[in-house]
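> Provided below for reference: sequence and predicted model.
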Amino acid sequence: MSVTEEQAAVLALTRATAGPWHHTARVVEARGSALRLARGDLGGLGEHDRAHAARVVARLRPGDLGRAEGLIAACPAALVTVLDDGYPGNLACAHNLQPFLWVRGRLGTGDHRSVAVTGDAPGARAAARALAAAGLTVVCDAPRTAGAAATAGGRAIMVGPHDGRPGALVGGPDGGRPGAVVAVSPFWPGTAATARTRAVTGLVTSGLAAALYVTGDGACDGERAAMALSQGKHVFAAPGLPWTPRLAYRGGVTVVAGIDELARQAVNLVDVTRLTTVF
């Protein structure tokens, strides 16, 4: 079984999934082979996962694997699935990880030291510049916020739908360098922006990072903070946000007085997390 065959099987199983994709991602990860699943080999799965896998496999149609291989060959963006070593570790630890990511540019080995930033208002762009200057990768879903991190000499990962073609935001073949913006999409190439894609974009943005900074400039910031907490991420919040007391009572939320404090605490959090061994 080749890497391409396994990746094609991940795409085919995802295409056959009714409802959210993260359960399929977990089942594929648990089985260790999407191709074996697609062939009906459900060995080693628990009862709930086996039932889900059986429903997905039953929806596969002749030619699905071949069509998925054709999509991989036609898309210039690199494909990373939950079975690949290059799948980002921060997202792999989230309960709602996605089965695949299309990547324009190159994800770097240090991108686990990252903070997601919501919005593209001036406060978000200032935060991106400060985090980048502190040596952290900025994860966001807004081009201007990503650009702010890159112009500060840092790295940014921008999440959202794209058509898979190389774009001006990507740092070319040297997309792993500082000052580059890497584009990541958990969607099919050519997917239009909708309410659903915005929700998935939000969960992947926080999932790719070690922590989330909520600026308070967005209408859905409270929901995004709650999602990040459910993924096990720490949330930094600007002062005075109305939802902070409701979410912070269980811990995991830090109100930061300003951008300098954000950068300092984010570096401390990310580096302590990196040095922690989980048994």
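Done, it's in.
> now do residue 142 against residue 134, distance only.
20 Å (C-beta to C-beta, to the nearest Å). No exception for glycine: its C-beta is placed from N, CA and C like everyone else's.
> of those two, who's got more company?
residue 142 (22 against 18; other C-beta atoms under 10 Å).
> against which helices or strands is the helix or strand containing residue 66 packed?
Counting by DSSP states H and E, the element that carries residue 66 is helix 64-74. Helices and strands touching helix 64-74, by 3 or more C-beta pairs under 8 Å, 6 or more residues apart in numbering; DSSP states H and E, are helix 3-15.
> ok and the helix it packs on relative to helix 64-74, angle-wise?
120 degrees (axes from the mean of the first three to the mean of the last three C-alpha atoms, to 10 degrees).
> next secondary structure after helix 3-15?
helix 22-31.
> buried ones in that following helix?
For helix 22-31, burial by neighbour count (16 or more other C-beta atoms under 10 Å) applies to 22-29, 31.
> ok, now which ones touch the residue most central in space within the chain?
Taking C-alpha atoms, centre = their mean, the centroid of the chain lies closest to residue 204, which sits 3.2 Å from it. Each residue near residue 204 by C-beta atoms under 8 Å, 6 or more residues apart in numbering is listed here: 91, 98, 101, 159, 184, 186.
> distance between the helix or strand hosting it and the chain's centre?
Using DSSP H and E, residue 204 falls within helix 195-207. Taking the mean of its C-alpha atoms, helix 195-207 sits 8 Å from the chain's own mean (C-alpha atoms, centre = their mean, to the nearest Å).
> stretch 242-261 now?
The answer for stretch 242-261 is 22 Å, by C-alpha atoms, centre = their mean.
> span of stretch 50-69 from start to end?
25 Å (C-alpha to C-alpha, to the nearest Å).
> what residues sit buried inside that stretch?
Within stretch 50-69, judged by 16+ other C-beta under 10 Å, the buried ones are 50, 52-53, 56-57, 60, 64-65, 68-69.
> contacts for the biggest helix by length in the chain, please.
As assigned by DSSP state H, the longest helix anywhere in the chain is helix 259-275. Under the criterion C-beta under 8 Å, 6+ apart, residues 112-115, 126-127, 130-131, 133-136, 210-211, 213, 234, 236, 254, 256 lie in contact with helix 259-275.
> 6 Å - rerun?
Helix 259-275 has contacts (C-beta atoms under 6 Å, 6 or more residues apart in numbering) with 113, 115, 126-127, 130-131, 134, 210-211, 234, 236, 256.
> how about the CA coordinates for that helix, as CSV?
Extracted in CSV, the C-alpha atoms of helix 259-275 (Å, rounded to 0.1, in the frame of the first residue of the first chain):
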residue,chain,number,x,y,z
ILE,A,259,0.1,42.9,24.0
ASP,A,260,3.4,42.7,25.8
GLU,A,261,1.9,40.6,28.6
LEU,A,262,0.2,38.4,26.0
ALA,A,263,3.6,37.7,24.3
ARG,A,264,5.4,37.1,27.6
GLN,A,265,2.7,34.7,28.9
ALA,A,266,2.3,32.9,25.6
VAL,A,267,6.0,32.1,25.3
ASN,A,268,6.0,30.8,28.9
LEU,A,269,2.9,28.7,28.3
VAL,A,270,4.1,27.2,25.0
ASP,A,271,7.6,26.4,26.3
VAL,A,272,6.3,24.8,29.5
THR,A,273,3.8,22.7,27.5
ARG,A,274,6.7,21.7,25.2
LEU,A,275,8.8,20.5,28.1
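> returning to that earlier point: follow the chain on from the helix holding residue 204 and name the next helix or strand.
Remark: after helix 195-207, the chain's next helix or strand is strand 211-214, criterion DSSP H and E.
> could you pull up the mean pLDDT of that next one?
Average pLDDT, strand 211-214: 97.
> equivalent analysis for stretch 96-104, please.
In this model, stretch 96-104 carries a mean pLDDT of 97.
> try stretch 250-266
Rounded mean pLDDT across stretch 250-266 is 94.
> mind checking how far it is from the chain centre?
With C-alpha atoms, centre = their mean, you get 22 Å for stretch 250-266.
> list the buried ones in that stretch?
Residues of stretch 250-266 classed as buried: 252-254, 256, 259, 262-263, 265-266 (neighbour count, 16+ other C-beta under 10 Å).
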